[in-house]
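Quick one, what's the 3D model for this:
(chains A and B)
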Amino acid sequence: MIHINKMFIRVASRCLALLLAAPASASALRVITTTPDLASIAQAIGRDKIQVESLAKGIQNPHFVDAKPSLIVKLMKADLFIQTGLELEIGWAPLLVQSSGNKNIQPGSKGFLDASAAVSPMEVPQNPNRSMGDVHPGGNPHYLADPENGKLVAKAVAEKLSTLSPTDRADFDQNLKNFETLVDSNIKQWKAMMQPYGGVKFVSYHRVYPYFAARFGLISTDEIEPKPGIPPTASHSADLIARMKAERIPLILTEPWFEARSAEFISKQTGASLVVMALMPGAAPEAKDYLSAIDYNVRSIVRALESKRK
Amino acid sequence: MHLSRIIKIPAILTLLCASLAGAAEPGTSWLRTQVLGNPANANALNPNISVIGDFVGNAGPMSDSKANKFSLRETELGLQATVDPYARADLFVSFPDGEKVELEEGYISLLSLPFGIKARGGKFRANFGRINMIHPHELPQVTAPLVFSSFLGEEGLNDTGIELSRVFAPFNVFTEVSYSFLNGLGKEEDAEAITTNVIDTNANVATVTVKAEAPAAQRRGNSFGHVARIRFYQDLTDSTNIELGFSSALHEPMEGKKQTKMGGADLTVRWKPLQEGLYRSATWRSELMYSHRRLPNARDVLTGAVVIPERELYRRGAYSYIEIQPAQRWRFGVRGDYVESPEASNTLIIYPDGTTRNFAISTMRGVAPFITFTLSEFNRFRLQYDYRNTSTMNENEHRVFLQWTFVLGPHGAHPY
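Below you'll find the predicted structure:
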């Protein structure tokens, strides 16, 4: 009997703690993003005024996230939904938003933000069709690999948060300024690190890094995928190996969610260094937020290219 | 009593209108200047158009008209778009091989109702069980489970009406409740034609084929069908999740008509690692269904005599399948089926040696292993072997299917 009473008191006290804890966070805006890089940027701008969570994890391929009902639950009470856009999440995010029944975050509503509207997309196909593979008609959606685009998205997030919580506008503006300053100082440092390797060509598994390459002076030449979304084939890999040898391409970039065998085989055949990048926070232990993910990528590339020089 | 209702109705309407109005950003000048004013965006307001072709060939020692032939089993034209800030519409027109064109689904969905309620109205596949809402070309196997086609009909439980649904999250567990109010429970089967020899006074014999057509009866409140479903979903780990659902359907029109009650329970367990989700996954799904039908007297259309008296039939059915994805493009699986014929009873079979056997329930069992090869998201092949055994005839059916499904048009979001 005493045991039951103790258990009851323990359960009741936990329930009470939960109830008391709720009001403290109730005033914060609930922000849900599709990817962790957006969540990190939103966190930098909203800080203690928001609760932010990403639907996808950093080790997940953002093109192919399952529209699990547990993700719908996260969206049900969201005040703001932020997506990368340019059809990166076309296979899952629209269904989740629609299924949430949350009128605040439906497209066109105050609580919906397509971050791609803040940037100038690269590689917009002229006459897109499926013979090109799984192309994105609006342009390459991996624009956040360039930290300058991170600043533009941060500005759009600050504006949106200010619309939703006008009394906190000053805080959001100040946080934006701090973020921009931090990004600028990092870009300066990263450019200095990459400067000796300007014009270096690289191959990536999927066409993820045109924005990153343009910012840091690298040249993205080819992909291990024959076409976007199409798995590697023996003939394409053989052609790629020949081209990489002929052009002395020293670097291959891949992501943790792609199979390792093809990239490792091509790396072995060509002698090119293979770097597993952290496109998003959480993709590597060092990539804890948006800026540390880019920092991890820059340092990994520099380390790989340095080893080639020796 | 009346007064309180009169007060309540405008209050509810006001709440509804306020809710709908609140869903959109104020003003539409942005739309005019940014979208309509830019000719490049003119197509952006057109609906998404997709076409799905489902090409199927089958072979086996069967004698029915559909055996040993290729067919473009179904071509589906999909038109989907947002109607306005409050609603979206989805239309799917089906072009079945050798049959007339029909609207498979056509409904409008309201997305901005108060209290998180969603509503859709039109013709749609009702939310019953786990398979019914899936279009045939999206099914995990070439053929639908036997219990599905036997209990819900070849085209599934698809009718015109209204559906309300709401998602809850008690204890953070996804819980979805839906209720549909429909004209019926799908297509009523046409009455079978009966052939009779008529002899006149001069002993001339004429063969007459008569098809009984019931006069159009006035529809009443009990003419409608009701479908309800509740489903629960929970992530067990980042990679594994479980889903449990319960469904029911009810259609009890006036006396003298077929009355149907159905229930079902479904369980799905999925495994898909976050990092390697593109290359490896597994799904196990099982579904049990129960059918209770009251069938009216079957009468001879010429004499009016009762051929088979009114009867009540209680039947069960189930299927279970497992599908394993060992590589990006490959999936292997096997499905087992069991179903008791929902409307057949007391079949007396006389075997060639003169022995007889009375089957109170006609049952069908099946096993169907399948292999799926996905060339791309838009181009898929499937090979399936179907074995079926029918208890009454003790007949074994063997059939091999080859399916080739292709998609033209934009990405669709895939329901989970």
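
Spatially nearest residue to B:V173 (excluding sequence neighbours)?
What sits nearest to B:V173 in space, not counting adjacent residues and going by CB to CB, 6 or more residues apart in numbering or on different chains, is B:Q234, at 5.3 Å. To be clear about C-beta, it is placed using only N, CA and C from the backbone, and glycine gets the same treatment.

Surely the one you found is in a helix?
No: using DSSP: H, G, I helix; E, B strand; the rest coil, the assignment for B:Q234 is strand, not a helix.

Give me the neighbour count for it.
Neighbourhood size, B:Q234 [other CB atoms under 10 Å in any protein chain shown]: 17.

That one and B:T175 touch, don't they?
No: with contact defined as CB atoms under 8 Å, B:Q234 does not count as touching B:T175 (9.8 Å).

From chain A, how far out is B:E395?
Distance of B:E395 to chain A, computed by CB to the nearest CB, to the nearest Å: 41 Å.

Quick one: the helices in the stretch 201-310 of chain A, in order.
A:210-216, A:234-247, A:260-270, A:290-309 (DSSP state H, counting those that start in this stretch).

Tell me the spacing between B:Q234 and A:N102.
20 Å (CB to CB, to the nearest Å).

hang on, the earlier thing: what's across from the residue nearest to B:V173 in the sheet?
B:I242 (DSSP bridges).

Give the full set of residues in contact with it.
Neighbouring residues of B:Q234 by CB atoms under 8 Å, 6 or more residues apart in numbering or on different chains: A:70, B:173-174, B:241-243.

what do you get for A:A263?
Here A:A263 is in contact with A:205, A:224, A:252, A:254, A:274 (criterion: CB under 8 Å, 6+ apart).

now do 10 Å
A:203-205, A:224, A:232, A:237, A:252-255, A:272, A:274-276 (CB atoms under 10 Å, 6 or more residues apart in numbering or on different chains).

Next, B:G129: secondary structure please.
Here B:G129 is recorded as coil under three-state DSSP.

show me where the stretch 101-250 of chain A has strands.
Listed in chain order, the strands of the stretch 101-250 of chain A (DSSP state E, counting those that start in this stretch) span A:112-114, A:201-204, A:219-223.

chain center to the shortest one, what's the gap?
In terms of CA atoms, centre = their mean, to the nearest Å, the centre of strand A:112-114 is found 15 Å from the chain centre.

Need the residues that contact it.
With CB under 10 Å, 6+ apart as the criterion, strand A:112-114 contacts A:31, A:33, A:38, A:42, A:78, A:80-86, A:97, A:104-107, A:138, A:153, A:156-157, A:159-161, A:163-164, B:25.

let's see 6 Å
Residues outside strand A:112-114 that contact it (CB atoms under 6 Å, 6 or more residues apart in numbering or on different chains): A:81-83, A:85, A:105, A:160.

Tell me the one of the residues you listed nearest chain B?
Chain B has its nearest neighbour among those in A:I105, at 10.1 Å by CB to the nearest CB.

of the contacts of B:Q234, buried ones?
A:70, B:174, B:241, B:243 (16 or more other CB atoms under 10 Å in any protein chain shown).

Find the residue ranges of the stretch 201-350 of chain B scoring beneath the pLDDT cut-off.
B:207-218, B:255-256, B:300-302, B:346-350 (pLDDT under 70).

Could you pick out the residues of it near chain A for me?
Within the stretch 201-350 of chain B, the residues that sit near chain A (CB under 6 Å from any CB of the partner chain) are B:233, B:235, B:274-275, B:278-279, B:328.

quick one, helices of chain B?
For chain B, the helices defined by DSSP state H cover B:2-22, B:29-30, B:146-152.

Can you name the residue of the stretch 251-400 of chain B nearest chain A?
Nearest residue of the stretch 251-400 of chain B to chain A: B:Q275, at 4.4 Å (CB to the nearest CB).

In contact with that residue, which residues?
By CB under 6 Å, 6+ apart, the contact set of B:Q275 is A:59, A:256-257.

give the contact list for B:N183.
By CB under 6 Å, 6+ apart, the residues touching B:N183 are B:159-161.

can we see that at 7 Å?
By CB atoms under 7 Å, 6 or more residues apart in numbering or on different chains, B:N183 lies in contact with B:159-161, B:224-225.

same deal with B:A89?
Residues in contact with B:A89 (CB under 7 Å, 6+ apart) are B:81, B:83, B:108.

Please apply the same query to A:Y296.
Going by CB under 7 Å, 6+ apart, A:Y296 touches A:278, A:284, A:286-287.

what's the answer for B:P369, then?
B:P369 touches B:334, B:385, counting by CB under 7 Å, 6+ apart.

I'd like the distance between the closest residue to chain A within the stretch 201-350 of chain B and B:G245.
Per CB to the nearest CB, B:Y233 is where the stretch 201-350 of chain B lies closest to chain A, at 3.9 Å. Counting by CB to CB, the separation of B:Y233 from B:G245 is 9 Å.

go on, A:F64?
25 Å.

quick one on the thing from earlier: who wins for most neighbours among the residues of the stretch 201-350 of chain B next to chain A?
Neighbour counts for these (other CB under 10 Å) peak at B:Y233, which has 21 neighbours.

I figured it was touching B:F174, is that so?
Yes: the pair formed by B:Y233 and B:F174 meets the contact definition of CB atoms under 7 Å, at 4.1 Å.

so what sits against both of these two?
Taking CB under 7 Å, 6+ apart as the criterion, B:Y233 and B:F174 both touch A:69-70.

now the residue lying closest to A:G138 once chain neighbours are set aside, what's its secondary structure?
Leaving aside its chain neighbours, A:G138 sits nearest to A:L86 (4.3 Å; criterion: CB to CB, 6+ apart). Here A:L86 is recorded as coil under three-state DSSP.

hmm, back to that, how about JSON lines for the buried ones among the contacts of B:Q234, with distance to B:E138 added?
Converted to JSON lines, the buried ones among the contacts of B:Q234 look like this (distance: CB to CB, whole Å):
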{"residue": "A:S70", "distance to B:E138": "22"}
{"residue": "B:F174", "distance to B:E138": "22"}
{"residue": "B:N241", "distance to B:E138": "20"}
{"residue": "B:E243", "distance to B:E138": "17"}
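
Out of those residues, which is nearest to B:H137?
Using CB to CB, B:E243 is the member of the buried ones among the contacts of B:Q234 that lies nearest B:H137, at 22.3 Å.

Next, the contact list for that closest one, please.
Going by CB under 7 Å, 6+ apart, B:E243 touches B:231-233, B:268.

B:A265: how many residues sit nearby?
Neighbour tally, B:A265, other CB under 10 Å: 16.

likewise B:F124?
Look at B:F124: counted by other CB under 10 Å, it has 24 neighbours.

what does B:V147 give?
By other CB under 10 Å, the burial measure for B:V147, its neighbour count, is 28.

One more: B:N202?
Counted with other CB under 10 Å, B:N202 comes out at 5.

May I have the residues that are in contact with the residue lying closest to B:V101 once chain neighbours are set aside?
Excluding the flanking residues, the one nearest B:V101 by CB to CB, 6+ apart is B:F95, at 5.4 Å. B:F95 is in contact with B:74-75, B:101, counting by CB under 7 Å, 6+ apart.

distance of B:F95 from chain A?
Distance from B:F95 to chain A, by CB to the nearest CB: 21 Å.

Tell me the spacing between that residue and A:Q98.
Using CB to CB, B:F95 is found at 27 Å from A:Q98.

Over to A:N175?
Separation of A:N175 from A:Q98 (CB to CB) stands at 31 Å.

Tell me where the model's unsure across the stretch 201-310 of chain A.
Residues of the stretch 201-310 of chain A meeting the criterion pLDDT under 70: A:310.

for chain B, what are the nearby residues on it?
Listed as neighbours of chain B in the stretch 201-310 of chain A under the rule CB under 7 Å from any CB of the partner chain: A:229-231, A:256-257, A:259.

let's see 8 Å
The stretch 201-310 of chain A comes close to chain B at residues A:229-231, A:256-259, as judged by CB under 8 Å from any CB of the partner chain.

Pick out whichever of the contacts of B:F95 sits closest to A:F212.
Comparing these against A:F212 with CB to CB places B:T75 closest, at 43.0 Å.
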